[in-house]
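Trainee: Okay, here's the prediction I keep looking at, along with the sequence it came from:
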Amino acid sequence: MSAQVLNADPAEIEKFDALAGRFWDPKGEWWPLHALNPTRLGYVARAYPLAGARVLDVGCGGGLLAEALAGAGARTTGIDLSPALLKTAELHALETGVEVEYLQISAEAHALTHVGAYDLVTCMEMLEHVPDPASVLNALATLVRPGGTVVVSTLNRTPQAFLTAIVGAEYVARVLPKGTHEYSRFLKPSEIGQGARAAGLVVADVAGLAMNPLTREFSLSTNVSVNYLMRLVRPA
């Protein structure tokens with residue numbers, strides 16, 4: 001199958017496969033995700049009660065958010081197309097004793113057999129890495145049950161995001177490998193909103209993410225010019 005049919009870029013998968021072994025090192029290349037995770041989890045927990053919920057984490061990577069969701073009481077499944085990251089996630093879950101089901105499958109393929117199967121679907125920092133974000137949004141809308149919630153996060157296509165996520169993080173501070181992000185793939189909130197509405201979802205909330213440069217801690221913000229989270233609801 002072609003990369004477009006799969007809605008995946010093989011170069012992107014190879015890029016993340018190469019870094020999989022260091023995924024759980026909070027001081028390594030993945031430290032921004034480790035720093036982001038508590039704030040993301042808090043936002044998700046406010047969006048939908050996690051205890052006993054059926055939750056799907058799309059683009060789960062090495063399992064950082066998926067494990068946190070499971071630790072909060074959710075019945076969690078994580079899906080990704082990176083075999084190395086999924087193996088890392090599985091091994092870490094065995095070490096920690098956290099129960100998460102991991103599957104190597106795309107959101108679109110999973111949606112074919114899991115229509116309305118989840119109370120909550122999350123998709124963090126993935127939409128800017130796929131050729132067709134609208135296709136993913138359609139899959140998310142199919143996977144969540146009527147009355148359920150979808151939470152996505154991505155990077156805004158603004159000069160501030162370019163300076164922060166690419167120039168600053170990849171070339172100046174070098175906290176991310178060069179080539180991690182492509183500016184042309186960043187997505188404005190209006191574009192996510194348009195795709196969500198076309199998929200039958202309602203935009204319920206948008207929140208920015210801000211980082212304290214001294215502590216490297218993230219918090220929610222009204223400024224969506226760099227990173228942002230969006231809560232979407234499928235009408236009952």
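Mentor: Structure received.
Trainee: any weak-confidence spans in this structure?
Mentor: Applying pLDDT under 70 to the chain flags residues 1-5, 165-181.
Trainee: Flag every buried residue along stretch 38-46.
Mentor: Burial within stretch 38-46, assessed by neighbour count using 16 or more other Cβ atoms under 10 Å, is assigned to 39, 40, 41, 43, 44, 45. C-betas here are computed from N, CA, C, even on glycine.
Trainee: now the third one: how far from residue 70?
Mentor: In other words, residue 41. 11 Å (Cβ to Cβ, to the nearest Å).
Trainee: swap in the fifth one?
Mentor: When distance is defined by Cβ to Cβ, residue 44 is 12 Å away from residue 70.
Trainee: try the fourth one
Mentor: As for residue 43, its distance to residue 70 is 17 Å (criterion: Cβ to Cβ).
Trainee: Who are the packing partners of the longest helix along the chain?
Mentor: Using DSSP state H to define each element, the chain has its longest helix at helix 31-47. Applying 3 or more Cβ pairs under 8 Å, 6 or more residues apart in numbering; DSSP states H and E, one finds that helix 31-47 contacts helix 64-71, strand 118-124, strand 144-155, strand 202-212, strand 217-221, strand 227-233.
Trainee: Downstream of that helix, the next helix or strand is which one?
Mentor: strand 54-58 (DSSP states H and E).
Trainee: That following strand pairs with which strands, and in what direction?
Mentor: Within its sheet, and counting by DSSP bridges, strand 54-58 is paired with strand 75-80 (parallel), strand 118-124 (parallel).
Trainee: In terms of secondary structure, what does the helix or strand just after the first one contact?
Mentor: Per DSSP H and E, strand 75-80 leads on to helix 83-96 as the next helix or strand towards the C-terminus. Judged by 3+ Cβ pairs under 8 Å, 6+ apart, helix 83-96 is in contact with helix 10-18, helix 64-71, strand 75-80, strand 100-104.
Trainee: let's see it at 6 Å
Mentor: The elements that helix 83-96 packs onto, with contact taken as 3 or more Cβ pairs under 6 Å, 6 or more residues apart in numbering; DSSP states H and E, are strand 100-104.
Trainee: from the chain's centre, how far out does the helix or strand following the strand it packs on sit?
Mentor: Per DSSP H and E, the first helix or strand lying C-terminal to strand 100-104 is helix 107-113. When C-alpha coordinates are averaged (Cα atoms, centre = their mean, to the nearest Å), helix 107-113 and its chain have centres 17 Å apart.
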